[in-house]
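>>> Structure for the following, please:
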Amino acid sequence: MALSGKTAVITGSNSGIGLGIARALAAAGADVVLNSFTDRPEDHALAESIGKEFGVMARYSKADMSKGDECRALIAEAGRCDILVNNAGIQHVSPIEIFPVEKWDAIIAINLTSAFHTTAVALPMMRAAGWGRIVNIASAHGLTASPFKGAYVAAKHGLVGLTKTVALETAREHITCNAICPGYVLTPLVEAQIPDQMKAHDMDRETVIREVMLDRQPSREFATVEQLGGTTVFLCSDAAVQITGTTISVDGGWTAL
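Numbers count the residues shown, from 1 in each chain. Next comes the predicted model:
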């Protein structure tokens, strides 16, 4: 249990990639704080089940990542944050000239600005503890672009830049900051894009997945949440002490092209 005694806060973690990462960190011995913008009995039950399964402390904390004060309160209320995983994200697909302003603002706030707020509060805790790991879940779209995803691409590129800046500011401390850049992972976020892509390309589900969504992913396979969880645990391990300020692509070769 290499991360025993550590506390991890994972934003956007009641489903999808965030949940997979939370489970992997708990399996490695870390206490975990799950998060999303809802506050349902099943959210708290999910945290309780993870705690029982892995023998760690696990709880759920509601916070809307589009609101800076709630982002900061999430970390402050955790009381301790040795590992911060900035994972919360949303998506909207639209040409720039008709991209809804409210969608742009929400994507930038949740996918990028929230990481600024959580990191700002977590860093003093990490410094006080003499150890810290920040893992930002960016995207292949943090390294390259696709049409009609202007806000998402801008936010993820910004998150990669923020990762580098934080790494430089903490380079002489026992704190690292890295970004994981997944390709397509079949999560609720990606699932929600499939109908729009089907309509835009006049294709059935399986064809649009194979020929459009995975067209740029040479493996022609979705990455899994378990793989992303394993990558996160590695970045928190002693083996990754000298890995900071970089991106790790989990994209089936997408950004190798």
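
>>> can I see the domain layout of this structure?
7-183+224-249, 185-222 (automatic domain parsing).

>>> Save those domains as TSV, and put in distance to T255 too.
Any C-beta I mention is one placed from the backbone N, CA and C, and that applies to glycine too. Listed next are the domains of the chain as TSV, based on distance: least, C-beta to C-beta, whole Å:
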stretch	distance to T255
domain 7-183+224-249	5
domain 185-222	9
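
>>> Tell me which of those domains sits most buried.
domain 7-183+224-249 (a mean of 20; mean count of other C-beta atoms under 10 Å).

>>> gap between that one and the chain center?
4 Å (C-alpha atoms, centre = their mean, to the nearest Å).

>>> Need the distance between the two termini of that domain.
Start-to-end span of domain 7-183+224-249 (C-alpha to C-alpha, to the nearest Å) is 25 Å.

>>> With stretch 9-29 instead?
13 Å.

>>> circling back: turn the domains of the chain into TSV, columns for mean pLDDT and distance to L257.
Formatted as TSV, the domains of the chain follow (pLDDT from 0 to 100; distance: least, C-beta to C-beta, whole Å):
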stretch	mean pLDDT	distance to L257
domain 7-183+224-249	98	9
domain 185-222	89	7
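
>>> right, and those domains - which one's nearest M1?
Distance to M1, taken as C-beta to C-beta, is lowest for domain 7-183+224-249 among those, at 2.9 Å.

>>> Just checking: what are the partner strands of the biggest strand by length in the chain?
Determined from DSSP state E, the single longest strand within the chain is strand 175-182. Partners of strand 175-182 in the sheet, by DSSP bridges, are strand 132-137 (parallel), strand 247-250 (parallel).

>>> Give me the residues contacting the last one.
Contacts with strand 247-250, where a contact means C-beta atoms under 8 Å, 6 or more residues apart in numbering, come from 138, 140, 142-143, 160, 163, 178-183, 223, 227-228, 231, 235, 255-256.

>>> picking that back up, got a markdown table for the strands paired with strand 175-182, with distance to M65 too?
Formatted as a markdown table, the strands paired with strand 175-182 follow (distance: least, C-beta to C-beta, whole Å):
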| stretch | distance to M65 |
| --- | --- |
| strand 132-137 | 12 |
| strand 247-250 | 21 |
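
>>> Contact partners for the most centrally placed residue in the chain?
Closest to where the C-alpha atoms of the chain average out (C-alpha atoms, centre = their mean) is N87, at 2.1 Å. For N87, the contacting residues are I10, T11, G12, S13, I17, G18, I21, I137, by C-beta under 8 Å, 6+ apart.

>>> distance of the residue in the chain sticking out farthest from the centre from P95?
Centroid-distance maximum for the chain: D202 at 30.9 Å, with C-alpha atoms, centre = their mean. Using C-beta to C-beta, to the nearest Å, one gets 17 Å for the distance from D202 to P95.
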